[in-house]
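Participant: only geometry, no sequence info:
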């Protein structure tokens, strides 16, 4: 339905991306997963950079494709079907520039956006997870302000100085810059949460990247802690002011949540197709397991949930493109897509059988990736909490 609202050129881009992923990334997806953070191989991102697919949402003015959120979701589904870890890196890249697209200065836009549209791989990182403080930026403003942050800035005669940590930063190992919130405790009052939105180059003095841990899934997307020690907060880092930083960051995250849902749809689609193919090849009592009614019914259920998840994601992105209120549809899309991905990947393993439980089989990778995606950009339980607060 929503595919009919995009141009023929955009449709061709989606199909081209599918062919590109099938040719270059699908054959190496298990290898990328095995290498993980520890032995990062940038070849997958290099391919996407060559075809300007690392941040297709950037406007042509800065060298981008100017893709809508709907088209970007379709592209992320294709990448996610090939390797969810690669798709997560692209999604995090788009999240890193969301604050710039919303409120960046002309100088910031001209400096950072062309980095992500160049034919050479360049990424941004986004930091939302606190180190040691239970802070979630999507909570109501008063609750975020009450908890505070582990990344804080203090004003002095020599300028603002940032100290603290952010953990589980996606794209941390390879990014050129990071978008994050920095708390100014002295700026907090009844009218301001005291959170300043910043975009900071990762090569400035005082920033240290921690080791990349081995994750359950999405292993290709490098994730690490980033520590700030006496980092000078330059004026060109600032986006908006401390009175608007938190709300602006939340607004940006609301827009990018459905894109993680699109990656979930990609994983679910790959798992469903894998199960369907195996069911027609794997035999039980001399007959393909596909002939068993229980298996066919399970495949029908998988296909139905996949279609529902895709429509939910596309609807949310379409509403964003149209400038409509998406505060409900965005988290709903993430919940529906995440649930579908977890259910479909689990059913896929059952159909594939014992070989699916062996490390290195596509089915078990899909299951791990789907579980990781369920907590990226907020867990299902957290988004339900947000939705319940709006009832």
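Facilitator: All right, it came through fine. Model, not experiment: these values are computed from the prediction.
Participant: Now do the buried residues in stretch 301-309.
Facilitator: Of the residues in stretch 301-309, 302, 305, 306, 309 count as buried by neighbour count, 16 or more other C-beta atoms under 10 Å. The way it works is simple: take the backbone N, C-alpha and C, and place the C-beta from them, glycine included.
Participant: For residue 354, state which of the residues you listed is nearest.
Facilitator: The closest of the buried residues of stretch 301-309 to residue 354 turns out to be residue 302 (C-beta to C-beta; 19.6 Å).
Participant: what about that closest one, which helix or strand?
Facilitator: In this structure, residue 302 sits in helix 293-321 according to DSSP states H and E.
Participant: next one: residue 182
Facilitator: Here residue 182 is assigned to strand 175-183, by DSSP H and E.
Participant: for residue 55, same thing?
Facilitator: Per DSSP H and E, there is no helix or strand for residue 55.
Participant: burial of it, as a residue count?
Facilitator: 27 (other C-beta atoms under 10 Å).
Participant: Test my guess that it contacts residue 98.
Facilitator: No. When contacts are counted by C-beta atoms under 8 Å, residue 55 is not listed as touching residue 98 (10.3 Å).
Participant: ok so, going back, could you identify the helix or strand that succeeds the helix holding residue 302?
Facilitator: Helix 293-321 is succeeded, C-terminally, by helix 329-352 (DSSP H and E).
Participant: State the pLDDT value of the nearest residue to residue 373 once chain neighbours are set aside.
Facilitator: Nearest residue to residue 373 in three dimensions, chain neighbours excluded: residue 264, at 5.1 Å (C-beta to C-beta, 6 or more residues apart in numbering). With respect to pLDDT, residue 264 scores 98.
Participant: Show me what counts as buried in the regular element (helix or strand) spanning residue 264.
Facilitator: Here residue 264, judged by DSSP H and E, is contained in helix 245-281. Using 16+ other C-beta under 10 Å as the test for burial, helix 245-281 gives 245-246, 248-250, 252-272, 274-276, 278-279.
Participant: how does this protein divide into domains?
Facilitator: When the chain is parsed with automatic domain parsing, its domains come out as 2-122, 126-243, 247-389.
Participant: And these, which one averages the lowest pLDDT?
Facilitator: When I compare the domains of the chain, domain 126-243 is least confident, with a mean of 83.
Participant: Ends of that domain, what's the gap?
Facilitator: Domain 126-243 has an end-to-end distance of 20 Å (criterion: C-alpha to C-alpha, to the nearest Å).
Participant: And the residue nearest the centre of the protein?
Facilitator: Using C-alpha atoms, centre = their mean, the residue of the chain that lies closest to the mean C-alpha position is residue 91, 3.7 Å off.
Participant: quick revisit: could you point out which element follows the helix holding residue 264?
Facilitator: Next along the chain after helix 245-281, taking DSSP H and E as the criterion, comes strand 283-284.
Participant: Which of the buried residues of stretch 301-309 sits closest to residue 350?
Facilitator: residue 302 (10.6 Å).
Participant: residues contacting that closest one?
Facilitator: Residues near residue 302 by C-beta atoms under 8 Å, 6 or more residues apart in numbering: 268, 271, 272, 275, 343, 344, 347, 348.
Participant: which residues touch the residue nearest to residue 331 when sequence neighbours are not counted?
Facilitator: Spatial nearest neighbour of residue 331, excluding adjacent residues (C-beta to C-beta, 6+ apart): residue 383 at 3.9 Å. Residue 383 is in contact with 257, 331, 332, 334, 335, counting by C-beta under 8 Å, 6+ apart.
Participant: now stretch 179-191, how far from the centre of its chain.
Facilitator: Counting by C-alpha atoms, centre = their mean, to the nearest Å, stretch 179-191 is centred 25 Å from the centre of its parent chain.
Participant: May I see the buried residues of it?
Facilitator: Using 16+ other C-beta under 10 Å as the test for burial, stretch 179-191 gives 179, 180, 181, 182, 183, 184, 187, 188.
Participant: Cool, thanks, signing off.
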